[in-house]
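Participant: The sequence and its predicted three-dimensional model are supplied below.
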Amino acid sequence: MKDGIRLREHNLLDPLFPVKVYVNRAADTAPGQNILFLHWHEHFELIVMRRGKAVFRLNSEPFEAEPGTVLLVQAGDLHAGYSRFGGATEYVSIVFSGSLLRSWSADPGYAELLQPYLDGHGRLHPLGAGGESELAERVIADISAGTAGGRLLARTGLMLMLARAAAAQPAPAPARPQEAQLRQERFKQLLRHVEASCADKHTIDDAAARVRMDPFHFCKVFKKLTGSTYIDYVNQVRMQEAMRLLRQEDCSVAEAGERVGCGNANYFTKLFKRYNGMTPSQAKKLGPGGGQP
């Protein structure tokens, strides 16, 4: 999986060809193991499942994925993924800016079908039109080619996929109500706070206060939105940061544990193995480029 991924990805896309492809593999996972860390970004994303079975949560809705499933994530949506049955998993993320498709803006069909979604005024169903895995794989291959022809073909393929998804809907689904958008923004602020201060003590009462909810309601909403409990999520953040410290900053195991708020060595090792599938010592041996966690 992506190593040390941040909650809100700062994807610096090439303005001339604003697309990136990420291949995410895990040789072995436990049922329910996190395979896509909870995050969001201001770009679209296509998730192409290649191996294994998973559940991806997109703005609190769960979507089951198996080889051939293609999911569409719209700009700003919170999303995370979990292995469904365990074992090997592989999926590809195609992250792209809506600006990639604006060269078609003079076409009447563009304004009618795509403009609402690119401007954030409409919602596309995450499963799109269905049956898009072959086209998605062609787009991945075209991007990987790194040629002018490949870029043109990839741009056309992404345009076709979004156009099919939009055409499959009778009418644009309305954007999220203002109240729901405000609540999501508060949750995003909470996630940023946890990421920036993962070594600190984080309680449910404090988190609930930050999003202006009572603790009981907060726990229910957080679980629905992210697929995990708040405490489980905090531990995920800590163990992701510990992985980064061990592999990229050459920290000792003891120092990494201290820096993420887990001073007890045995407890730290137990948590690290639960969330990363290996011990801290094994992770440290991998080094910055020594394989994927």
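Facilitator: Thanks, I have it.
Participant: Please make it C-alpha for all contacts and neighbour counts, starting now.
Facilitator: OK.
Participant: Mind listing what's buried along stretch 220-235?
Facilitator: By neighbour count on 16 or more other C-alpha atoms under 10 Å, the buried set for stretch 220-235 is V221, F222, K224, L225, T226, G227, S228, T229, Y230, Y233, V234, N235.
Participant: what's the fifth one in contact with, if anything?
Facilitator: Put plainly, it is T226. Contacts for T226 (C-alpha atoms under 8 Å, 6 or more residues apart in numbering) come out as L38, R57, N59, S60, L78, H79, A80.
Participant: hang on, the earlier thing: show me the buried residues of stretch 220-235 that map onto strands.
Facilitator: Among those, no residue falls in strands (DSSP state E).
Participant: Just the closest of those residues to V194, please.
Facilitator: V234 (6.9 Å; C-alpha to C-alpha).
Participant: so how far is G32 from the closest one?
Facilitator: 16 Å (C-alpha to C-alpha, to the nearest Å).
Participant: go on, Y275?
Facilitator: In terms of C-alpha to C-alpha, Y275 sits 10 Å off from G32.
Participant: Could you check which of these two has the larger neighbour count?
Facilitator: Shown here are Y275 and G32; by other C-alpha atoms under 10 Å, Y275 has more neighbours (21 against 16).
Participant: Can I take it that the more buried one is in a strand?
Facilitator: No - assessed with DSSP: H, G, I helix; E, B strand; the rest coil, Y275 is helix; it does not lie in a strand.
Participant: where along the stretch 101-250 of the chain do the strands fall?
Facilitator: Ranges of strands in the stretch 101-250 of the chain, per DSSP state E, counting those that start in this stretch, are 122-123, 173-174.
Participant: So for V253, what's the nearest residue that isn't a sequence neighbour?
Facilitator: Leaving aside its sequence neighbours, V253 sits nearest to P280 (C-alpha to C-alpha, 6 or more residues apart in numbering; 6.2 Å).
Participant: now the stretch 101-250 of the chain, which segments are flagged as low pLDDT?
Facilitator: 105, 128-130, 171-178 (pLDDT under 70).
Participant: Break down it into its helices, ranges please.
Facilitator: Counting by DSSP state H, counting those that start in this stretch, one finds helices in the stretch 101-250 of the chain at the ranges 108-109, 115-118, 133-145, 148-167, 178-196, 204-210, 215-226, 230-248.
Participant: and among those, the most buried is which?
Facilitator: helix 230-248 (a mean of 22; mean count of other C-alpha atoms under 10 Å).
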